[in-house]
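Asker: Provided below are the primary sequence and the corresponding predicted coordinates.
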Amino acid sequence: MDECCIISDLLIDYINRNLTREENSRVIQHLSRCKGCFEELKDIIEFRDMLNVQMKEVPDDIKVTAYDKLKQDTQSLTEILESKSPFMAFDILRYALKPV
Ligand SMILES: [Zn+2]
């Protein structure tokens with residue numbers, strides 16, 4: 001099976017952080033050398049952001065959950081920066097593209 005097809009199937013789970021450690025590093029490594037899959041990842045994130053913008057009337061309890069998630073993400077940005085991994089740029093881009 002084509003590596004791009006395999007990665008394409010994993011992208012949604014990658015964004016939602018549902019991958020195993022092995023799958024996650026496989027996706028990151030593939031994205032670092034495949035422009036096509038990287039563009040696909042950006043399209044998925046942009047599409048998701050578009051949906052989020054449309055969700056204007058959000059109940060308070062969901063906002064609180066989102067705020068908790070945001071705090072977790074802030075911590076994970078620190079983790080990204082401290083990891084000094086060769087794929088840090090991709091992790092930061094992914095973080096930057098995440099909706100608030
Ligand atoms: Zn690819």
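Answerer: Alright, I've got the coordinates.

Asker: so where's the protein uncertain?
Answerer: Along the chain, the parts satisfying pLDDT under 70 run over 1, 54-77, 80, 84-89, 99-100.

Asker: Give me every residue in it lying close to the ion.
Answerer: Proximity of the chain to the ion (C-beta under 5 Å from the ion) is limited to residues 4, 34, 36-37. Where C-beta positions appear, they are placed from N, C-alpha and C, glycine not excepted.

Asker: Between those residues, which sits nearest residue 13?
Answerer: residue 37 (13.8 Å; C-beta to C-beta).

Asker: Can you tell me how far the closest residue in space to that closest one that isn't next to it in sequence is from residue 51?
Answerer: Nearest residue to residue 37, sequence neighbours excluded (C-beta to C-beta, 6 or more residues apart in numbering): residue 7, at 5.0 Å. To residue 51, residue 7 is 22 Å away according to C-beta to C-beta, to the nearest Å.

Asker: quick one, which of those two is more surrounded?
Answerer: Each of residue 7 and residue 51 has its neighbours counted (other C-beta atoms under 10 Å); residue 7 has more, 23 against 9.

Asker: before we move on, back to that, among the residues of the chain next to the ion, which one sits closest to residue 12?
Answerer: The nearest member of the residues of the chain next to the ion to residue 12, counting by C-beta to C-beta, is residue 37 at 12.6 Å.

Asker: Would you confirm that the closest one contacts residue 6?
Answerer: No: in this structure residue 37 lies outside contact range of residue 6 using C-beta atoms under 8 Å: 9.9 Å.

Asker: ok, those two, which is more surrounded?
Answerer: Neighbours per residue, other C-beta under 10 Å: of residue 37 and residue 6, the larger number sits with residue 37, 21 against 14.

Asker: who does the helix or strand hosting residue 14 touch, helix- and strand-wise?
Answerer: Using DSSP states H and E, residue 14 falls within helix 3-15. Helix 3-15 is packed against helix 21-31, helix 35-54, with contacts defined by 3 or more C-beta pairs under 8 Å, 6 or more residues apart in numbering; DSSP states H and E.

Asker: No more questions from me, cheers.
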